[in-house]
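Participant: Need coordinates for the below:
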Amino acid sequence: MSWVPEAVRRYAAATWTPPFEAELPSDRARFLAGVSPWRAARRRLMRELSLVLHGQRALQRLRIDPGVRRVLWIHQGTPQVGDSLMDLAARQLLADRFERLDLLTEAHLLPLYQADRLFTAVAARPQDLPGGYDLILLHSASSRGTRDKFRFFRDVPFVHLHGVYTGPEFNRTLFGFHRVAALLAQAPAEAEIRARARTVMWHSAQDEAAIEAAELPAGPLLAVAVGGVRDWRTCSRWGEVLERLARRPQGCPPVVLVGAANGLEMRDRLVAALPGVRFVDRVDRHSLPEVHALLQRCALVLAADGGLLHVAQSADVPVLGLFAGIIDPAFRVTAANRTRWLHGPERVDDIDPDRVAALAGEMLAETGADVAQGGAPASMPSRRA
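Facilitator: Now for the predicted structure:
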């Protein structure tokens with residue numbers, strides 16, 4: 001029957017079509033070129049059948065009722081720091097709307113939200129939450145994302161955030177803002193969404209004290225995120241960038257190196273190769289909230305696409321981001337970010353260090369860091385986060 005393929009395609013389209021009208025940056029065209037509508041339709045069907053078989057379909061709501069008071073956001077099955085910060089950025093639209101807004105997430109992501117000003121309680125186990133919820137914000141329809149809902153919150157109504165939208169690479173921050181706006185009975189205007197759509201994060205007084213104890217140099221600082229997990233998204237040419245910055249008449253501000261243990265080798269190479277640059281080694285020495293506190297003291301952050309780039313954007317400081325390949329910067333950066341970017345065709349290392357250094361120099365001048373190198377006071381960035 002000729003109608004069957006078209007019916008399957010229409011059914012499958014929900015997996016690559018956002019559940020709202022606003023435009024969303026994504027690689028939908030590339031995704032559609034390689035996706036099987038039959039496979040996408042089957043994936044949607046299996047997730048919807050799971051809700052039916054677990055007795056959940058009748059509990060699904062299409063909007064957030066204004067009378068809801070106690071809400072739990074279940075965000076599980078996403079291990080990456082950056083994805084978590086982007087996915088949960090839209091909690092800003094829920095501020096002051098509920099008596100409680102709690103979070104259930106992965107254990108390794110808890111440090112990102114333990115000083116949060118919007119989540120009331122955060123936990124990796126349902127048993128560690130106060131309970132008594134009126135509504136669940138179920139982020140994903142995946143088996144990992146629904147497991148605790150089915151087991152511990154079986155009778156609680158829920159709304160889906162992602163629902164069955166699982167296909168393309170997309171801007172997760174904008175998706176979250178538009179989706180939460182669509183779920184609210186009184187959604188904010190598009191202009192407000194554009195002005196607020198960025199990741200946010202907070203750190204504690206203890207995190208601030210840890211950075212105070214590091215005794216960072218006075219004046220403007222340039223932070224560089226070293227290391228990475230995937231080769232094509234990891235910059236190995238920071239030395240060339242810093243060497244060019246150091247040759248400028250203004251010189252190079254003190255460079256704070258941050259990163260996980262996978263950045264230790266790069267740290268050693270940079271320090272050995274550039275004796276004329278003043279380095280402050282903080283690699284593998286801080287938690288992510290402490291790094292957040294540190295980056296808020298910097299005039300500029302240089303980072304390739306990864307978790308530290310998103311922590312830097314959450315610190316609301318100027319960021320120069322390096323992207324490559326299928327990751328369009330429009331999937332990671334919004335108009336509310338203070339981020340400029342460069343993109344390599346296949347790898348981050350494809351980007352010419354001269355271009356990186358030139359743009360970094362422009363951004364340092366814009367913050368006043370270059371003036372401060374000559375002795376005048378620096379105009380430090382805003383710290384809204």
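
Participant: which residue ranges form the strands in the protein?
Facilitator: When secondary structure is read from DSSP state E, the chain shows strands at 70-75, 100-105, 122-123, 135-138, 158-160, 222-225, 255-258, 279-281, 300-304, 319-324, 339-344.

Participant: Which strands or helices does the first one pack on?
Facilitator: So the one you mean is strand 70-75. Secondary-structure packing of strand 70-75 (3 or more CB pairs under 8 Å, 6 or more residues apart in numbering; DSSP states H and E): strand 100-105, strand 135-138, helix 143-152. The way it works is simple: take the backbone N, C-alpha and C, and place the C-beta from them, glycine included.

Participant: Quick one: closest of the ones you listed to Ala357.
Facilitator: strand 100-105 (38.1 Å; CB to CB).

Participant: what's the domain layout of the chain?
Facilitator: Per the record, the chain has its domains at 3-196, 205-373, by automatic domain parsing.

Participant: Quick one: distance of the last one to the chain centre.
Facilitator: The gap between the average C-alpha position of domain 205-373 and the chain average comes to 16 Å, counting by CA atoms, centre = their mean, to the nearest Å.

Participant: In the chain, where is pLDDT below threshold?
Facilitator: By pLDDT under 70, the weakly predicted segments of the chain are 1-4, 371-385.

Participant: What segments of it are helices?
Facilitator: Applying DSSP state H to the chain gives helices spanning 3-12, 28-34, 37-53, 81-87, 143-152, 172-183, 190-196, 205-213, 238-246, 264-273, 288-295, 307-314, 353-367, 369-373.

Participant: Could you identify which of those is most buried?
Facilitator: Of all the helices of the chain, helix 307-314 has the most neighbours on average by mean count of other CB atoms under 10 Å, namely a mean of 27.

Participant: helices or strands up against it?
Facilitator: Looks like helix 307-314 contacts helix 81-87, strand 222-225, helix 288-295, strand 300-304, strand 319-324 (3+ CB pairs under 8 Å, 6+ apart).

Participant: Can you add distance to Ala115 and give those back as CSV?
Facilitator: Shown next, in CSV, are these (distance: least, CB to CB, whole Å):
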stretch, distance to Ala115
helix 81-87, 14
strand 222-225, 20
helix 288-295, 6
strand 300-304, 20
strand 319-324, 21
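
Participant: Just tell me which of the ones you listed ends up closest to Thr334.
Facilitator: Closest to Thr334 of the helices and strands packed on helix 307-314, according to CB to CB: helix 81-87, at 9.4 Å.

Participant: Can I get the closest one in CSV? Just the C-alpha atoms.
Facilitator: In CSV, the C-alpha atoms belonging to helix 81-87 read as follows (Å, rounded to 0.1, in the frame of the first residue of the first chain):
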residue,chain,number,x,y,z
VAL,A,81,29.0,18.1,31.7
GLY,A,82,28.2,20.4,28.8
ASP,A,83,25.0,18.6,27.8
SER,A,84,23.8,18.7,31.4
LEU,A,85,24.4,22.5,31.7
MET,A,86,22.7,23.1,28.4
ASP,A,87,19.8,20.8,29.1
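
Participant: which outside residues touch that helix?
Facilitator: Under the criterion CB atoms under 8 Å, 6 or more residues apart in numbering, residues 75, 78, 105-106, 109, 112, 139, 171-173, 176, 199, 201, 288, 305-307, 309-311, 314, 332 lie in contact with helix 81-87.

Participant: swap in stretch 320-333?
Facilitator: Identification of contacts with stretch 320-333 by CB under 8 Å, 6+ apart yields 25-27, 30, 82, 86, 169-172, 232-233, 235, 300-305, 309-310, 313, 339-348, 350-351, 356, 359-360, 363.

Participant: Tell me the buried residues in that stretch?
Facilitator: Within stretch 320-333, the residues that qualify as buried are 320-325, 327-333, counting by 16 or more other CB atoms under 10 Å.

Participant: Tabulate these in JSON lines, adding columns for distance to Val122.
Facilitator: As requested, those are arranged in JSON lines below (distance: CB to CB, whole Å):
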{"residue": "Leu320", "distance to Val122": "31"}
{"residue": "Gly321", "distance to Val122": "27"}
{"residue": "Leu322", "distance to Val122": "31"}
{"residue": "Phe323", "distance to Val122": "30"}
{"residue": "Ala324", "distance to Val122": "33"}
{"residue": "Gly325", "distance to Val122": "33"}
{"residue": "Ile327", "distance to Val122": "28"}
{"residue": "Asp328", "distance to Val122": "31"}
{"residue": "Pro329", "distance to Val122": "30"}
{"residue": "Ala330", "distance to Val122": "30"}
{"residue": "Phe331", "distance to Val122": "26"}
{"residue": "Arg332", "distance to Val122": "24"}
{"residue": "Val333", "distance to Val122": "26"}
